[in-house]
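A.B. asks: Starting from these lines, generate the structure:
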Amino acid sequence: MQAVQHKLWLADEPLVLASRSKARRAMLTNAGIPIDVIPSDVDEPFLQQGFGPNITASEIAVNLANAKAADVSYKHPSRLVLGSDQTLELDGMPLAKAESRAEAKERLALLSGRQHHLYSAFSFVRSGEVLHSGVHMASISMRTLGEKFIDAYLDMIGDSVLASVAVYEVEGMGAQMIQRIEGDWFTIQGLPLTPVIAFLQHQRFLLT
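C.D. replies: Next up, the predicted model:
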């Protein structure tokens, strides 16, 4: 099955994914796109300090996606690199990843019973040059969460909760928190796959 899927891929080398995200890796692999995972070493918190106070969640996502892809591209200049990032916005304010269980608990209590927006950005870079980038938004309405539920959820998911800006994974146990979803499923998982595939097809990396 793998060999048949890769007949759609026309490049001599796999796409480089500059991300540790299992969800992004699965999306690309399931779509028949061969990848080499080479995570970026970009210091996100340090980088965001230079963005300024008025930057939007959408702009943060694109800037970080560009930076991650460029970071890996400089080390592998001949390869096509895909960088990505996801940010969360609540009431017009971007929120960073939680750094502790206590902060994750506060975040879930803050999101409880409210709607928030997820911005997922992608960036294609080769030889340090951004070839194409974009960002898509999805909206999540969360049901009201009880404190016992939040504690039980955090006990079960462990430290992996700190890997997601939303402190939940909608494709996992986080689905129990969701009341309504508006937007693209791939975007919610952290990569707007449709425009990513469209770029690869347009550039003749994928068979059309």
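
A.B. asks: Compute the first-to-last residue distance for stretch 192-208.
C.D. replies: Terminal residues of stretch 192-208 lie 19 Å apart, using Cα to Cα, to the nearest Å.

A.B. asks: Now do the helices in the chain.
C.D. replies: Using DSSP state H, the helices found in the chain span residues 2-6, 22-30, 44-49, 57-75, 101-111, 147-157, 185-189, 193-202.

A.B. asks: which of those helices sits most buried?
C.D. replies: helix 57-75 (a mean of 22; mean count of other Cβ atoms under 10 Å). In short, each C-beta sits where N, CA and C put it, glycine included.

A.B. asks: quick one: it to chain centroid distance?
C.D. replies: 11 Å (Cα atoms, centre = their mean, to the nearest Å).

A.B. asks: The residue sitting furthest away from the middle of the chain and residue 154: what is the separation?
C.D. replies: Relative to the C-alpha centroid of the chain, counting by Cα atoms, centre = their mean, residue 148 is the outermost residue, at 28.5 Å. Residue 148 sits 11 Å away from residue 154, going by Cβ to Cβ, to the nearest Å.

A.B. asks: and if you look at residue 46?
C.D. replies: In terms of Cβ to Cβ, residue 46 sits 27 Å off from residue 154.

A.B. asks: likewise residue 176?
C.D. replies: With the distance defined as Cβ to Cβ, residue 176 ends up 13 Å from residue 154.

A.B. asks: same question, residue 109
C.D. replies: 11 Å.

A.B. asks: quick one: strands adjacent to the strand ranked longest in the chain?
C.D. replies: Counting by DSSP state E, the longest strand found in the chain is strand 129-142. Paired neighbours of strand 129-142 in the sheet (DSSP bridges): strand 115-126 (antiparallel), strand 178-182 (antiparallel).

A.B. asks: Show me what the last one is in contact with.
C.D. replies: This points to strand 178-182. Strand 178-182 has contacts (Cβ atoms under 8 Å, 6 or more residues apart in numbering) with 138-143, 170, 188.

A.B. asks: Flag the shaky bits of this protein, pLDDT-wise.
C.D. replies: For the chain, the stretches flagged by pLDDT under 70 are 1-5.

A.B. asks: 90 instead?
C.D. replies: Applying pLDDT under 90 to the chain picks out residues 1-7, 43-54, 95-98, 157-166, 169-172.

A.B. asks: contacting residues for the most centrally placed residue in the chain?
C.D. replies: The residue lying closest to the centre of the chain (Cα atoms, centre = their mean) is residue 190, at 2.9 Å. Shown in contact with residue 190 (Cβ under 8 Å, 6+ apart): 21, 23-24, 84, 86, 120.

A.B. asks: Check the burial of the residue nearest to residue 34 when sequence neighbours are not counted by counting its neighbours.
C.D. replies: Nearest non-adjacent residue to residue 34, counting by Cβ to Cβ, 6 or more residues apart in numbering: residue 14, 3.9 Å away. By other Cβ atoms under 10 Å, 16 other residues sit near residue 14.
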